[in-house]
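Asks: One predicted model, sequence on top.
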Protein chains: 2
Amino acid sequence: MLNSHQPARATIVDVARAAGVSRQTVSNAINSPERVSPDTLARVLKVVDELNYRPSSAARTLRHQRAGAVGTELNAVTDIPSDVALPFLTALTLSAPRHACHMVPFASREAFPMLDGYQDMVRRRLVDAFVLTDTHPADPRPDWLEQAGIPYASFGRIYDDSSRVWWADVDGSAGTRTAVAHLAESGFRAVGFLGWPAGSAVGDDRRLGWLDGVERHDVVLGPEAAAPQSLTEAITAAEVLLDGLAIGDAVVCASDVLALGVQQAALARGWKPGRDLGITGFDGSATAHLHGITSLVQPLDDIAEHLLTIVHDQLAGAPAPTQGTLFLPTLTVGASTVTTSTKGTP
Amino acid sequence: MLNSHQPARATIVDVARAAGVSRQTVSNAINSPERVSPDTLARVLKVVDELNYRPSSAARTLRHQRAGAVGTELNAVTDIPSDVALPFLTALTLSAPRHACHMVPFASREAFPMLDGYQDMVRRRLVDAFVLTDTHPADPRPDWLEQAGIPYASFGRIYDDSSRVWWADVDGSAGTRTAVAHLAESGFRAVGFLGWPAGSAVGDDRRLGWLDGVERHDVVLGPEAAAPQSLTEAITAAEVLLDGLAIGDAVVCASDVLALGVQQAALARGWKPGRDLGITGFDGSATAHLHGITSLVQPLDDIAEHLLTIVHDQLAGAPAPTQGTLFLPTLTVGASTVTTSTKGTP
DNA sequence: GGACACATTATGAACGTTCAAATGAACGAT
DNA sequence: ATCGTTCATTTGAACGTTCATAATGTGTCC
């Protein structure tokens, strides 16, 4: 008996009846208040409040032929989720109400038929648009979505084709340049680099920022090494890298996991991160936070807001921008670049 | 011109016309195929396929007075997200289609007015039910939802009131008991415990499993210590704990972060995790995976499936269960409990 | 005072679907 | 031959909203 029936929910006609006006006047009071006289507006809104009325999103969707929802795929294929996936989804979810929509996540364990989930959501008209993540070269999704006329926005460059403009990304080289500047200010001498194997666009970009930063600031060019996104391999690579560095030097890393590898390798040879060796990571992930590693935090809130603006504009038929947008990461300082320890060397 | 208009989407009447039948027959062909003759069924389904028809979820929602969606709140208040939040949401998202629904996340930066998001989604009829996470004692949500007649299911016990039955959780004591058994089999001698400060129901439960396991298996009771969910504090506590242990002993931890603290403390004194000291964590988080720590993986897929079944049953008016459900975590072995290293001691 | 502009409110229709009830056809049983 | 029965299919209505349009009132100008 407890959960037999939800309390009868008020509809627009209930409000209209109670306020002594017509459906349409209630609709106007909510959607275009300027079209209704001040006193009736007040009366209607009072009733709306009393009855706790909110327009049914389903009815609106049916009428407007617009779901008011944006789909986004959760990566359920790899076991280890990206460190930024949840914060990014949270940022999208927080931004969505500002764009009068909500997010609808979907996922699939199949690696191959990537488009199925997208097709299904479109056909059922559950979403109007998509936010893509983890776009890679030869990604079929942008192509398919454009041909189907479905708006989308990608977190991450679309490498396929430079004519694609519906994306926002983090300015990697600006980030590592900032990291070098910070290390220079903190008094570190030589600055090395631990990146990913060459060929990754994101990684190459971050490496360039390091090179550029070293040139611009008062630090010595240190050695560089590369490792895949794995802690053990990062440690191995870091050990070699540290052989070419001395106490008082620093390492800029292309990711937080790589930075963690450097930190572990440093600790293994008795170097205290921060005091003896500067280390910076990239992404501002929970991993960096947990281990006190200075990192470059991605402005996920801004990016999410921008991406939803993009799809909103597309739905409204606004003209396309001429290019994608880069956002600057911000440096958060952790123990790994703080030289003045309580028992530290001057 | 590119994205001027999406291709005209087929509706049920389009299919009906093309197949030479009525709306309702198409509807039946999709929803109750047994009610339509075999040959017309085939004909209709063929047209459905050709036109790529899928019922509009908005129209269905309006007709059925059911959103076919389940809301779940993303924690946007604390900076550091839970390690299991994303895998759990992914599991829910994967399970949802099996229950003919989809997930709708929502979030708020406000810590205080927790119910606002829930109220809003219900009033707009965007969701039929909720999946709760991070339920805590004196949590207002279960009470409010039950009074409002809104189905819900909680991942995590509802401590308030034992009459609450709409939850599923991980069997913590069974987990740590399994961990002790594994350590005993692996030949570790004494087994200590690093937990959270007493008073947390989850933590106390996991501690009991350790005690119980030590009693049942051929290991010596080691010392115990406590630390909050912070790496630096975990390391500090672990240092004290290790003073009471010797090479060949082990530590069971209430969480992966605590286990990481033990691992770091062990490395700091030159003990190799696995070979010299067994370490187990809890949750099977990305942290544990990254650092090669043996952990107890929560069966998130099963839990998600169960929770959606619960809300589905509530919506269908099925009788309530008599109690919540516990799920057993499974042990994944990492380097932190592997004694036979390539260059190891026999 | 009548025509006109304007502001405000009201009415019919439609979005796409499914339920409830009606229609028609086939088939035995009486 | 007629009457139920059953099965396959169709029709009318409704879910709640907003668009397009119509109706109403209110004042202004000549």
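Replies: Yep, it's here. Numbering: from 1, shown residues only, chains lettered A, B, ... in the order given.
Asks: can you map out the helices along the stretch 101-250 of chain A?
Replies: A:115-123, A:140-148, A:172-185, A:201-216, A:231-243 (DSSP state H, counting those that start in this stretch).
Asks: which of those sits most buried?
Replies: helix A:172-185 (a mean of 22; mean count of other CB atoms under 10 Å in any protein chain shown). To be clear about C-beta, it is placed using only N, CA and C from the backbone, and glycine gets the same treatment.
Asks: what residues does chain A put near DNA strand D?
Replies: A:9, A:11-13, A:23-24, A:27, A:30-31, A:53-56, A:59-60, A:62-64 (CB under 7 Å from any atom of the strand).
Asks: Check those residues for burial and list the buried ones.
Replies: A:Thr11, A:Ile12, A:Ser27, A:Ile30, A:Tyr53, A:Arg54, A:Pro55, A:Ser56, A:Ala59, A:Arg60, A:Leu62 (16 or more other CB atoms under 10 Å in any protein chain shown).
Asks: Does the second one touch A:Asn28 like I think?
Replies: Meaning A:Ile12. No - using CB atoms under 8 Å, A:Ile12 makes no contact with A:Asn28, being 10.9 Å away.
Asks: mind showing which ranges of the stretch 51-200 of chain A have poor pLDDT?
Replies: By pLDDT under 70, the low-scoring segments of the stretch 51-200 of chain A are A:113, A:160.
Asks: show me where it has strands.
Replies: Remark: strands assigned in the stretch 51-200 of chain A by DSSP state E, counting those that start in this stretch are A:69-75, A:102-108, A:129-133, A:152-155, A:167-170, A:190-195.
Asks: who wins for proximity to DNA strand C among those?
Replies: Taking CB to the nearest atom of the strand, strand A:69-75 is the member of these nearest to DNA strand C, at 15.9 Å.
Asks: so what strands line up beside that closest one?
Replies: Paired strands of strand A:69-75, with direction, are strand A:102-108 (parallel), strand A:129-133 (parallel) (DSSP bridges).
Asks: For the helices of the stretch 101-250 of chain A, give me TSV that also has distance to A:Asp249.
Replies: Below are the helices of the stretch 101-250 of chain A laid out as TSV (distance: least, CB to CB, whole Å):
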stretch	distance to A:Asp249
helix A:115-123	47
helix A:140-148	42
helix A:172-185	9
helix A:201-216	12
helix A:231-243	9
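Asks: For B:Leu308, find the nearest of those.
Replies: helix A:115-123 (17.9 Å; CB to CB).
Asks: quick one: that closest one near DNA strand C?
Replies: No - on the criterion CB under 7 Å from any atom of the strand, helix A:115-123 is out of touch with DNA strand C, staying 9.4 Å away.
Asks: relative orientation of that helix and strand B:102-108 in degrees?
Replies: With axes from the mean of the first three to the mean of the last three CA atoms, to 10 degrees as the basis, helix A:115-123 and strand B:102-108 are set at 80 degrees to each other.
Asks: can you redo the strands paired with strand A:69-75 as TSV with mean neighbour count?
Replies: Formatted as TSV, the strands paired with strand A:69-75 follow (neighbours: other CB atoms under 10 Å in any protein chain shown):
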stretch	mean neighbour count
strand A:102-108	22
strand A:129-133	23
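Asks: per-domain residue ranges of chain A.
Replies: A:12-55, A:69-170+A:301-327, A:172-297+A:331-337 (automatic domain parsing).
Asks: mind listing what A:Cys309 touches?
Replies: Residue A:309: Thr, not Cys. The neighbours of A:Thr309, taking CB atoms under 8 Å, 6 or more residues apart in numbering or on different chains as the test, are A:His99.
Asks: and the host helix or strand of it with strand A:69-75, angle?
Replies: Following DSSP states H and E, one finds A:Thr309 within helix A:300-316. Angle of helix A:300-316 versus strand A:69-75, following the same axes, to 10 degrees, is 130 degrees.
Asks: Show me what counts as buried in helix A:300-316.
Replies: A:300-301, A:303-315.
Asks: tell me which of the residues you listed is nearest to DNA strand C?
Replies: Nearest to DNA strand C among those, with distances taken as CB to the nearest atom of the strand, is A:Leu315, at 16.8 Å.
Asks: Read off the pLDDT value for the closest one.
Replies: For A:Leu315, the pLDDT comes out at 95.
Asks: That one contacts A:Val127, correct?
Replies: No - the pair A:Leu315 / A:Val127 is not scored as a contact, 11.0 Å apart, by CB under 8 Å.
Asks: show me the contacts for the residue in chain A that DNA strand D sits nearest to.
Replies: Nearest to DNA strand D in chain A, going by CB to the nearest atom of the strand, is A:Ile12, at a distance of 2.8 Å. Listed by CB under 8 Å, 6+ apart, the contact set of A:Ile12 reads A:Arg23, A:Val26, A:Ser27, A:Tyr53, A:Pro55.
Asks: May I ask you to confirm that A:Ile293 is in contact with A:Val257?
Replies: No - counting by CB under 8 Å, A:Ile293 sits too far from A:Val257 to count as a contact (10.0 Å).
Asks: helix/strand/coil for A:Ile279?
Replies: Of the three states, A:Ile279 takes strand according to DSSP: H, G, I helix; E, B strand; the rest coil.
Asks: Nearest spatial neighbour of it, chain-adjacent residues omitted?
Replies: A:Ser336 (4.1 Å; CB to CB, 6 or more residues apart in numbering or on different chains).
Asks: Ramachandran angles for A:Asp79?
Replies: phi -70, psi -40 (degrees, to the nearest 10).
Asks: What is the neighbour count of it?
Replies: 9 (other CB atoms under 10 Å in any protein chain shown).
Asks: surely it meets B:His289?
Replies: Yes - in this structure A:Asp79 lies within contact range of B:His289 using CB under 8 Å: 7.3 Å.
Asks: what does the stretch 1-150 of chain A put close to DNA strand C?
Replies: A:20-25, A:28, A:35-37, A:39-40, A:59, A:62-63, A:65.
Asks: ok, now with 10 Å
Replies: Contact residues, the stretch 1-150 of chain A versus DNA strand C (CB under 10 Å from any atom of the strand): A:12, A:16, A:19-29, A:32-41, A:43-44, A:58-65, A:123-125.
Asks: filter those to the buried ones?
Replies: A:12, A:16, A:19, A:21, A:25-29, A:36, A:40-41, A:43-44, A:58-62, A:123-125.
Asks: So which of these sit within helices?
Replies: Assigned to helices by DSSP state H, the following of these qualify: A:12, A:16, A:19, A:25-29, A:40-41, A:43-44, A:58-62, A:123.
Asks: Check the stretch 101-250 of chain A for the residue nearest DNA strand C and tell me.
Replies: For the stretch 101-250 of chain A, CB to the nearest atom of the strand, closest residue to DNA strand C: A:Arg125, 7.8 Å.
Asks: What distance do you get for that residue to A:Tyr152?
Replies: 16 Å (CB to CB, to the nearest Å).
Asks: repeat for A:Leu231
Replies: Distance from A:Leu231 to A:Tyr152, by CB to CB: 34 Å.
Asks: got it, and A:His136?
Replies: Taking CB to CB, one finds A:His136 at 15 Å from A:Tyr152.
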